[in-house]
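Participant: Predicted structure and sequence below. I'll ask about it afterward.
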Amino acid sequence: GNSVTQMEGPVTLSEEAFLTINCTYTATGYPSLFWYVQYPGEGLQLLLKATKADDKGSNKGFEATYRKETTSFHLEKGSVQVSDSAVYFCALSSNQAGTALIFGKGTTLSVSS
Amino acid sequence: EADIYQTPRYLVIGTGKKITLECSQTMGHDKMYWYQQDPGMELHLIHYSYGVNSTEKGDLSSESTVSRIRTEHFPLTLESARPSHTSQYLCASSVGATRSYNEQFFGPGTRLTVL
């Protein structure tokens, strides 16, 4: 079946450090891929998405590239800020009508000044 | 910006009480979902709906029930709350089958504590 595996946290960085959160997936066909972010006490917000191979999603300085050959969708940011501290979820949609998203377990990021 | 609302945001109740968690969206989305989020932050799908009068159980077994009488409203009910129901509950919605990639919009969540 379809699944998402993302690196376990917590990830602790200093401000302005480079961030990578790894995400790999298993799916049949051509899924769409997402990164969601959850700030403390809030629901999830869509951070970025990619719907086909080699697409790059980007938002707020974060980027992720849909790599079908390595079945990966790693999240990166060149210079993190304290305000980026949150839980990050990788997710996929199988593109079949009526299917729910499949989420990874989430990675907690803590950025200190 | 997504318009999906959950009430209450926080709820503390005693064991055995019946509770209903409300979820409403104003986007006209066909699909709606309930997730339970454990302390480790992992999300578990407990219920979903593809439209009015459609409800299905999700991957995680839950003692809760849901209804979908109106497109915009997807309440979740616990007939008799127990401490094991203590969790964060997240509601989400997405456009129907005409959009293939199923982007979901989330409400702010209800943090439930059962004493």
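Facilitator: Noted; the coordinates are in hand.
Participant: which secondary structure elements does the worst-scoring helix or strand of chain A on mean pLDDT contact?
Facilitator: The helix or strand of chain A with the lowest confidence, counting by mean pLDDT, DSSP states H and E, is strand A:102-103 at a mean of 90. Secondary-structure packing of strand A:102-103 (3 or more C-beta pairs under 8 Å, 6 or more residues apart in numbering or on different chains; DSSP states H and E): strand A:3-6, strand A:86-93. Every residue, glycine included, has its C-beta placed from N, CA and C.
Participant: Which residues outside the helix or strand hosting A:Ala64 are in contact with it?
Facilitator: Per DSSP states H and E: A:Ala64 is located in strand A:62-65. The contact list for strand A:62-65 (C-beta atoms under 8 Å, 6 or more residues apart in numbering or on different chains) reads A:23, A:33, A:35, A:47-48, A:50, A:54-58, A:73-77.
Participant: do that again at 6 Å, thanks
Facilitator: A:Trp35, A:Leu47, A:Leu48, A:Lys56, A:Gly57, A:Phe73, A:Leu75, A:Glu76, A:Lys77 (C-beta atoms under 6 Å, 6 or more residues apart in numbering or on different chains).
Participant: where does chain B come near chain A, residue by residue?
Facilitator: Contact residues, chain B versus chain A (C-beta under 6 Å from any C-beta of the partner chain): B:33, B:41-43, B:45, B:48, B:50, B:90, B:97, B:100-102, B:104, B:106-109.
Participant: For residue 11, which residues are in contact?
Facilitator: In the absence of a named chain, chain A is used. A:Val11 neighbours (C-beta under 6 Å, 6+ apart): A:Leu109.
Participant: hm, I was asking about chain B
Facilitator: Listed by C-beta under 6 Å, 6+ apart, the contact partners of B:Leu11 are B:Leu112.
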